Every structure is written in structure tokens, then in C-alpha cells.
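Chemist: Pasted the sequence and its predicted model underneath.
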Amino acid sequence: MALAIFVYSFFPNGVSEYFSFGLFKYIGGGLRSISGIASIPLGEYVSGTPEWHALRNEAGVISGSEIGTILGFSPWKSAFTLWAEKTGKIDDDVQGSVAMRLGQLFEPAILQLYREQHPEQLVETVGTFAHKEQAWAHANPDGIGVDEDNKPFILEIKHSSQYWDSVPENYRAQVLWYMWVFDVKRAVFAVVNAGRYKEYEVLWDEFEFAAILQQVTRFRQLVLDNLEPDWDGSDSTFETVRSLSPDIQDTKEELGQLGVELFNANLKVKEAETHLTEMKSRVMSALNGAKYGTIEGKTVVTLSQRGAG
């Protein structure tokens, strides 16, 4: 049965056993390259499982979901924490959050919704792949598709409680990495956020990715050389450093300029907190009993009654 963008060939075990489209061939449940894409298949593991983590944690391996963290875009984990995990200083916790688990449960439904929205496209889930030349660069996209013009694209599926105005930086960096590994020029996000379904497109950007690859390569070398990355002010780094610190002993350590900077930073925080409290007092007085405070008609302050039930 021939269609406009792909061809099904029926084999004894059914259509899922073999089909080809454009640059790809799908054999026995695994994506394979035919011509334009030559990424290396590594296996099919469920995201977040111990096997999936083991593949990611091979020496020097960098995966797409780690790119945002390396660049400092992740709201959950810092580059320092990722470095500590990859150098074996702390455990890579395979226990996901409730939000992550919900994302896994919703993923098949969102994929089905995307397919229903685009019946003319062929989209299949895939496993983990490596770059054809840089085998340490791994990619585990949610899916690979072929559009109406027979051009391949990356499909990423997300579930979020918050509405997106655009694709968050960490996810954008992730799909640019996937596009590089698979050598495709377009990615699509199928997203259910704040209870609404929406699609977002990301196109390949050579200049942007060159900067990403440079920073990722630098981070990878720090891992291989066991050298600490730059410090940052994230809670993730603080908790990692605290877990790595030895037991407290009744001794003294000269801090020098580092101690001076800590003292000055603490002083600035106290000054900022005092100023914030002053501004709250001024605004409360200026509200004169009004519940909402606005700037050019946009609400920026809401006053609540203390003890209101």
C-alpha cells in the first residue's frame, strides 16, 4: 500500500516489523538510518530506569536532557551537581519526582493526540542513539517523524502545569542537541500545559548550537579531568557541596578574602530584606485599603486580610 510520504511493506509479523520512509527504516522496533541520517542506535530503555541511567553515565557521555543543566538553564539541577554525579562523587538519584512520573504517564496520550492532529505524518518512538562521529554524544528523543514534505523532524512531548509563552531555554537546548545528533533541521514540541494542548516549533540554528557545543565540550573535559566547574549560587550546588563536606570537627580554618566576601554578601542580603520590608509598608499605606495595586493597569500587588478564612 503506497502513500504520499511513506511506504508500508507487509511482513508475516505485521506492519510494525518493517517500514521505510524518507531517510529512515524501522526494523523490528528499532529506527535505522538509510542515507541522510547516520546516528548510531544504542538500545531502547524507558527514561529514568536504572538501565537508562547506566547508559547515560558511561565515562564521558553527554545526553540531550543534560544540555540545559550544563548551560545553567535547568531550574532543578546545576552543572556542578551534574559534574559531581558524573565523577562519582554523589549518586545519580534514579527516583523521579511526581511531576516526572506524571509526564511519563501522560506521554503516550499526548503522542496519540499529536498523531490525531497530524494524520498525514508518520511519527514513531525511538530508543537512544549516538552521534555518527562523536559517539559520546547521546540522544533519546520522544519520537522521530516525517512531515508532509518527507522531511524528518524531532518530536518532544511535554506535560507542564504552567503555560508556555515559548519553549523554555533548557528544552530548546535539548532539542538542538537532538537535531545535531540526528542531523535534522526541525523539532516540534507537543505540549499539554495548564490543561491546554499546544505545539511549538524549533528550527536548527548553527550559530546558537556552536556556542552550546563549545560549552558542553568544555564541561565534558572537566568531567574527564576531574576538575570542578565554575561555582554558582544555586540551591542545587549548595546541597551538593554540603553532601560532599566532611563531618564537622572542632577546628579552625582561615578563610581570608573568601570570608570577607561571605560577610559582605550576608550584609547585602540583610540590607535588601530591610529595604523590602520598608517598601511593603509604603505600598500597604499607599493602597489605602484597596486589595490590588497596579502599574499601568497591570496588577503587581495583592493585599490579603491577615487571619482571613
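Modeler: Done, it's in.

Chemist: Walking through the stretch 151-300 of the chain, point out its strands one by one.
Modeler: Here the stretch 151-300 of the chain has its strands, by DSSP state E, counting those that start in this stretch, at 152-160, 186-193, 196-203, 292-295, 298-302.

Chemist: how about these in a markdown table, adding mean neighbour count, distance to residue 116 and mean pLDDT?
Modeler: Where you see a C-beta, it was placed from the backbone N, CA and C, and this is true even at glycine. What follows is the strands of the stretch 151-300 of the chain, written out as a markdown table (neighbours: other CB atoms under 10 Å; distance: least, CB to CB, whole Å; pLDDT from 0 to 100):
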| stretch | mean neighbour count | distance to residue 116 | mean pLDDT |
| --- | --- | --- | --- |
| strand 152-160 | 21 | 14 | 92 |
| strand 186-193 | 21 | 11 | 94 |
| strand 196-203 | 13 | 10 | 94 |
| strand 292-295 | 10 | 42 | 92 |
| strand 298-302 | 10 | 38 | 89 |
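
Chemist: Test my guess that residue 140 contacts residue 64.
Modeler: Yes: with contact defined as CB atoms under 8 Å, residue 140 reaches residue 64; the gap is 6.4 Å.

Chemist: Between those two, which has more neighbouring residues?
Modeler: More crowded of residue 140 and residue 64, by other CB atoms under 10 Å: residue 64, with 26 against 21.

Chemist: ok, the nearest residue to the more buried one once chain neighbours are set aside - contacts?
Modeler: The shortest distance from residue 64 to any non-neighbouring residue, by CB to CB, 6 or more residues apart in numbering, is to residue 177 (4.4 Å). By CB atoms under 8 Å, 6 or more residues apart in numbering, the contact set of residue 177 is 64, 67, 137, 139, 209, 212, 216.

Chemist: before we move on, the earlier item: can you tell which of the strands of the stretch 151-300 of the chain is closest to residue 271?
Modeler: strand 298-302 (21.9 Å; CB to CB).

Chemist: ok, back up a step: out of the contacts of residue 177, which end up buried?
Modeler: Among the contacts of residue 177, those classed as buried by 16 or more other CB atoms under 10 Å are 64, 67, 137, 139, 209, 212, 216.

Chemist: what's near enough to touch the last one?
Modeler: Looking back up the chat, that one is residue 216. Counting by CB under 8 Å, 6+ apart, residue 216 touches 62, 67, 70, 71, 177.

Chemist: Closest one of those to residue 273?
Modeler: Checking the contacts of residue 216 against residue 273 with CB to CB, the nearest one is residue 71 at 30.7 Å.

Chemist: Tabulate the contacts of residue 216 in JSON lines, adding columns for secondary structure, pLDDT and distance to residue 238.
Modeler: As requested, those are exported to JSON lines (DSSP: H, G, I helix; E, B strand; the rest coil; pLDDT from 0 to 100; distance: CB to CB, whole Å):
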{"residue": "62", "secondary structure": "strand", "pLDDT": "96", "distance to residue 238": "24"}
{"residue": "67", "secondary structure": "helix", "pLDDT": "97", "distance to residue 238": "23"}
{"residue": "70", "secondary structure": "helix", "pLDDT": "97", "distance to residue 238": "18"}
{"residue": "71", "secondary structure": "coil", "pLDDT": "97", "distance to residue 238": "19"}
{"residue": "177", "secondary structure": "helix", "pLDDT": "97", "distance to residue 238": "27"}
